[in-house]
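**Q** below are the sequence and a predicted model for it; my questions follow.
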Amino acid sequence: MKQIDYKSLAHDAMLIVGMSILLVFAVLPLFKIKGTIISFAYAFGAVLVLAARLVEQYHGKDMRVRRLYTLNKISAVLFCISAGVVFFPISGPNDWLTFLLAGAVVQIYVSFVIDKALRNEKKD
């Protein structure tokens with residue numbers, strides 16, 4: 001019988017829920033739907049993603065993959081900065097989009113490169 005890894009399951013659930021909340025509540029202001037509850041829900045999603053990324057660990061020996069996991073954490077920090085800018089705009093009402101897009105670009109890059117690096121690691 002296969003053992004269920006509850007730690008990994010909880011981590012994946014936190015990441016999926018956090019990213020989903022970020023997606024939903026990032027799209028709402030683009031359709032002129034704004035409010036305090038939406039801002040707090042967006043911030044909750046960002047903190048959830050950050051918490052999931054902070055407990056994520058790589059136990060392998062490849063330094064490149066370790067750096068990529070660190071970049072994952074940086075993208076989560078960018079999401080949290082984006083949530084902070086929602087409450088305290090720097091120069092305009094859509095400044096949060098800059099940090100959100102920067103975090104998303106880093107996230108997309110890291111996901112492709114980690115996948116490739118881990119496949120190469122399995123070959124060796």
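**A** Alright, I've got the coordinates.
**Q** shaky segments in the protein?
**A** Applying pLDDT under 70 to the chain flags the ranges 1.
**Q** Leu48: how many residues sit nearby?
**A** By the measure other CB atoms under 10 Å, the count of residues near Leu48 is 22. Using the backbone N, CA and C atoms, a C-beta is placed for each residue, glycine as well.
**Q** distance between the helix or strand harbouring Gly18 and the chain's centre?
**A** Using DSSP states H and E, Gly18 sits within helix 6-27. With CA atoms, centre = their mean, to the nearest Å as the basis, helix 6-27 stands 8 Å off its chain's centre.
**Q** what of stretch 36-49?
**A** 12 Å.
**Q** for it, buried residues please.
**A** For stretch 36-49, the neighbour count (16 or more other CB atoms under 10 Å) marks Ile38, Ser39, Ala41, Tyr42, Ala43, Phe44, Gly45, Ala46, Val47, Leu48, Val49 as buried.
**Q** the residue nearest to Ala117 when sequence neighbours are not counted and Asp5: what is the separation?
**A** Leaving out its chain neighbours, the residue that sits closest to Ala117 by CB to CB, 6 or more residues apart in numbering is Val65, at 5.0 Å. As for Val65, its distance to Asp5 is 20 Å (criterion: CB to CB, to the nearest Å).
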